[in-house]
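**Q** What would the 3D arrangement of this be:
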Amino acid sequence: MVAWRLRLPGLERREALLAAGAMALTALLALAGVHKLGTAGLLAPVALAALAIMLSRPLLAVCVVVGLTVLCEGPTFGILTFTSHLYTDAYKYVTLLDLLVAIAVVAVALDLLRNRRPVLLPRPLRFPLALLALAMVAGAVVGHANGGGSVRYVLVSEHVLAYLLALPLAVANLRLDRAQLKRLLGALAVLAIVKSGLGLVEVVGHYGAAVEGTATLTYYEPAANWLIMIAVLSVVAALLARAKAPLWLLLSSPALAACLLLSYRRSFWIAAVLALALVALLGTSSTGRRVLLQALVAVALAIWLLGSINFQSQLPIVKRAESLTPSKLEANLEDRYRLDERANVLGEIRAHPLTGLGMTIPWAATVRPLPVEHEEGRQYVHFAALWFWLKLGILGLLAYVAIILGSMALAWQAWRATREPLLRAFALASLAAIAGLVAIDTTVSDTGVDPRFTVLFATQLGILALLVRFAREEERDGDHAAALGAGQPG
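**A** Residues are numbered from 1 along each chain as shown. Now for the predicted structure:
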């Protein structure tokens, strides 16, 4: 009997057997995938390999989530419309974005376990996130009890709130240093510039949604507008601090500002103005503040004088700004819908002030008739605080307020503690933007409701927590070095 031995050039027998086993397993996975998914199942082995890589590299997993969220627009964007499939249901109400976020969070958790690192809980976010977790439990229980569907369906409906709960902690516990964080922020700035370019192409090519009859807008959804606004505010904060910002970022600033302006999102216009004023007030000296105050008074007087003059302009920008006046709000169909919607939501809250309606339960138009109906409109509220109250009860309202206040406190800590000018500029821009977010959330519900915006906002909170952590580590190292220099035990 002849004994056969497996001998391949450059491979030992054990390695050859492992390679053969891996190939066989890959073939079996491909066959199973084809059986379940058709030709798309051929990618099953690749997907599993990518999953293994992302689970072993938490920073890569987080970067993939944030990068795809920024680049892949929703169905309202006229270019590259296929990217919206990232947000459609992939399996039983679970989207691909849900899966990617879950992978990133699990990857960070596994890294903490492997390296036996303690979990970092940013102090300003501890109470708000704990309150949010309790509110989510209450919202799910009330929703299921009120006939909102199966337990699984009600729980899955809280997926965006889960982003807000888990992603800040995942990013805050990434194992990276200051240089890596600076590269990460630089990559986000590049993405903001790319998005501004695509947005301007959307306008020039008339691919975007129509606004004011004669114009098209850049981005209707909030994620790109938020990222671009943060970039603009960071540039302004860096200039006020006389920090040496990259030339490519300075040269791209006009395109960033134009893209934000041509979004025609009035809530973002108001938030940007408020945020710029806050950046200017906090980022200048006492003498500069006095000059700024005089300039603001002069600008307000000029606006009042212009407003007293009766003139007609066909410019879409002017017409959009004029639509903010109360008479225009009442005349506009969509703005009137929001007012009627708010009256009905407040009626539901008065009827259920403590528990709210619960998740998946629609509100009813019992106070005012609606001028128009929107798909899934009765699951939505154009006021974030009211959405939290309606869906999660009084705990939800308290959680929303606590998250906003905790986020501002975290940004304040990062700004005051960080010494490096560019990182300090980002922290100040974040503080001002979160203050502006309060104005945005009075006209739409983005925080904890819009998936793409919530991913960016939660990531931003995690980055601010990293800045605070770096500052405290530097302070401890400085104290330790000073103690050693004085001849004292460290």
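**Q** Low-confidence stretches in the stretch 351-490 of the chain?
**A** Applying pLDDT under 70 to the stretch 351-490 of the chain flags residues 477-490.
**Q** Let me see the ranges of the strands in it.
**A** Counting by DSSP state E, counting those that start in this stretch, one finds no strands in the stretch 351-490 of the chain.
**Q** Helices along that one, start to end?
**A** 384-417, 421-440, 451-485 (DSSP state H, counting those that start in this stretch).
**Q** Kindly report the same for the stretch 101-250 of the chain.
**A** Using DSSP H, counting those that start in this stretch, the helices of the stretch 101-250 of the chain run over 123-145, 151-156, 159-172, 178-204, 222-240, 247-261.
**Q** rewinding a little: what about the helices of the stretch 351-490 of the chain, which gets the closest to A280?
**A** With C-beta to C-beta as the criterion, A280 lies closest to helix 421-440 of those, at 9.1 Å. The way it works is simple: take the backbone N, C-alpha and C, and place the C-beta from them, glycine included.
**Q** could you say what helices and strands the closest one packs with?
**A** Under the contact criterion of 3 or more C-beta pairs under 8 Å, 6 or more residues apart in numbering; DSSP states H and E, helix 421-440 touches helix 178-204, helix 222-240, helix 266-283, helix 384-417, helix 451-485.
**Q** Switch the ones you listed over to CSV; also include mean neighbour count.
**A** Below are those laid out as CSV (neighbours: other C-beta atoms under 10 Å):
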stretch, mean neighbour count
helix 178-204, 18
helix 222-240, 25
helix 266-283, 20
helix 384-417, 23
helix 451-485, 19
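**Q** Can I get these in TSV including distance to A50?
**A** Compiled in TSV, these are given as follows (distance: least, C-beta to C-beta, whole Å):
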stretch	distance to A50
helix 178-204	20
helix 222-240	24
helix 266-283	35
helix 384-417	32
helix 451-485	19
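**Q** so which of the helices of the stretch 351-490 of the chain comes closest to P222?
**A** Of all the helices of the stretch 351-490 of the chain, it is helix 451-485 that lies closest to P222, at 4.4 Å by C-beta to C-beta.
**Q** any idea how far that closest one is from the chain center?
**A** 19 Å (C-alpha atoms, centre = their mean, to the nearest Å).
**Q** quick check: angle from it to helix 123-145?
**A** Counting by axes from the mean of the first three to the mean of the last three C-alpha atoms, to 10 degrees, helix 451-485 lies at 150 degrees to helix 123-145.
**Q** Report all helices and strands that helix 451-485 contacts.
**A** Under the contact criterion of 3+ C-beta pairs under 8 Å, 6+ apart, helix 451-485 touches helix 58-71, helix 96-114, helix 159-172, helix 178-204, helix 222-240, helix 384-417, helix 421-440.
**Q** Quick one: those helices as TSV, columns for distance to A364 too.
**A** Output for these, formatted as TSV (distance: least, C-beta to C-beta, whole Å):
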stretch	distance to A364
helix 58-71	34
helix 96-114	29
helix 159-172	23
helix 178-204	37
helix 222-240	27
helix 384-417	12
helix 421-440	27
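**Q** for the ones you listed, which one sits closest to A215?
**A** helix 178-204 (7.6 Å).
**Q** what helices or strands is the closest one leaning on?
**A** The contact analysis (3+ C-beta pairs under 8 Å, 6+ apart) places helix 178-204 against helix 58-71, strand 215-216, helix 222-240, helix 247-261, helix 421-440, helix 451-485.
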